[in-house]
Every structure is written in structure tokens, then in C-alpha cells.
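Student: missing the sequence, but the structure's below:
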């Protein structure tokens, strides 16, 4: 990975003989995989997947002896020379091992058909770690999250968003933020909200359940993967809530369906 990173940075620097700002380098790396979906420098903190930044770039290169320097921190072709000399050719990269981007994985023989099912590496890892998570009776506030279903008056054809926020207080603040900013088109209309233990991964389960109805993104916030085409019966918000409750009951998970005030969004 360090060799691939060094080659990518070398291409970005090109024939420039000066020191290139790491911020500029990271902006260009964000357009390439897997750097556009790189993990945080300290994954144990549970931070979200995000593009490579100057801090994570430093962590990624430091084991190879390359240390971005200067103010602002930057790199030159001379800094990359040790890795480029050691790896004159770019190693082949299997992106399914280093990014959460969706890929079609081949099955059967080398010349056989491809599996039409779409997988995310992170989802597979979560499933292998704990296929059927069952919750303990006592769940602290920090281990809870709120799953909600809402729509905008500007959306057509029953389009809804199934999203996730923190505990009920965080969820309330998010709804107020949607209402008061341009992150959300129009005032949000909340169909339901339910507070659940974090470990149940309810949002992902619902997303997988409604995958045939998924839409990539919509609105100013570009909430990719959280948008679904609804319908009066089969994919109604009421049906989605029943599905969520069924999942929770089948896994013995304590949960609370929140009463939402449509004016203040307080719960």
C-alpha cells in the first residue's frame, strides 16, 4: 500500500521539483481509490471512513521512513525516492481489501458468470464478527442510537430516508438542524423514530431489506444509500416500522418507539 501511495503521489507531483503541499496532494488522492475512502489514523476510536488527509498521510508513510515536512507540510520527489527505487513498478491492488466501495465479486470459474449480488467489505466483516448479535439487558446511553424514517415535502413518489443518529437528544438536534439549514430540502416530515441498542446494526439491516428500492442520493445533503422509493402498502413507512420492530423482537433487543412532536421535534 505504501508503494502504491508513493507512485500515486509521484504522478500527482509530476515534473514539479519543489515541495508540494500535503493538502493539495490529499485533494488529488481523494479522486483515487482507495484513498478516497481511507480510514482514520486511529480506527479504534470508531471514526467514520473518510478521504486521506495530511494527518493520515503522515501515518501511512511513516513506517517507510518518509516524513512529510515543511510548513505547510509537503513532499518532493526526492522524499519518495526510496520507495520508488524499491518498487519501480506499481504493485497490483485488489481494491476489495482496502475500501468499502461496492464491487461485483466473481464466482465459479475464471471464465464463468459474475455474481449479480453487490457486497460491501465492511458489512461482510461485521457479519463474520457477529452474525446474530443479541443484546445484554443493560445497555448504557452511549451504546444506543436512533433510527428514523422521514421525508421531505419536496420529494415525490413516496421517497423516504432511513437514517441513523445518536441518542434521542442527538436525534432531536439533528431534526432541528435539518429544519433550520439547507442540509435538508424543506421541513422534514418524520414518519417514525426508534431508539435501539447500537450493537443490533438496525439501520444496515433495514437498508439491506429494502435494497431493491434503494436510490443513490437526493437533495442537498447527498445522503447516498439512505434513500428508498416508498409505496402505499408494501414499502410504506408503517410497514418499515413493523419490520424494524420485528427484527428487534426476534433478537431480544430492548427498544423504544419515540413519540415525535412534529413542531419541536422533541421526544
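Tutor: Alright, I've got the coordinates. Only a predicted model underlies this, so the values are computations on that prediction, with no experimental measurement involved.
Student: For residue 249, give me its contacts.
Tutor: If you count contacts by Cβ atoms under 8 Å, 6 or more residues apart in numbering, residue 249 has none. Just so you know, the C-beta spots here come from the backbone N, C-alpha and C atoms, and that holds for glycine as well.
Student: buried residues in the helix or strand hosting it?
Tutor: Assessed by DSSP states H and E, residue 249 sits inside helix 237-250. Neighbour-count burial for helix 237-250 flags 237, 240-241, 243-245, 247-248 (criterion: 16 or more other Cβ atoms under 10 Å).
Student: residue contacts, residue 186?
Tutor: By Cβ under 8 Å, 6+ apart, residue 186 lies in contact with 152-154.
Student: Quickly list the domain ranges of the protein.
Tutor: In terms of domains, the chain is parsed into 2-97, 142-257 (source: automatic domain parsing).
Student: worst average pLDDT in the ones you listed?
Tutor: Of all the domains of the chain, the minimum mean pLDDT falls on domain 2-97 (a mean of 79).
Student: from memory residue 60 sits against residue 1, does it?
Tutor: Yes: counting by Cβ atoms under 8 Å, residue 60 does reach residue 1; the two are 7.3 Å apart.
Student: ok, now which ones touch residue 196?
Tutor: By Cβ under 8 Å, 6+ apart, the contact list for residue 196 reads 144-147, 202, 248, 253, 255.
Student: Residue 158: how many residues sit nearby?
Tutor: 15 (other Cβ atoms under 10 Å).
Student: thought it was touching residue 233?
Tutor: No: the criterion here is Cβ under 8 Å, and residue 158 misses it with residue 233 at 10.6 Å.
Student: What separation do you get for residue 16 and residue 88?
Tutor: 21 Å (Cβ to Cβ, to the nearest Å).
Student: Same question for residue 257.
Tutor: Counting by Cβ to Cβ, the gap from residue 257 to residue 88 is 61 Å.
Student: same thing with residue 145?
Tutor: According to Cβ to Cβ, residue 145 stands 48 Å off from residue 88.
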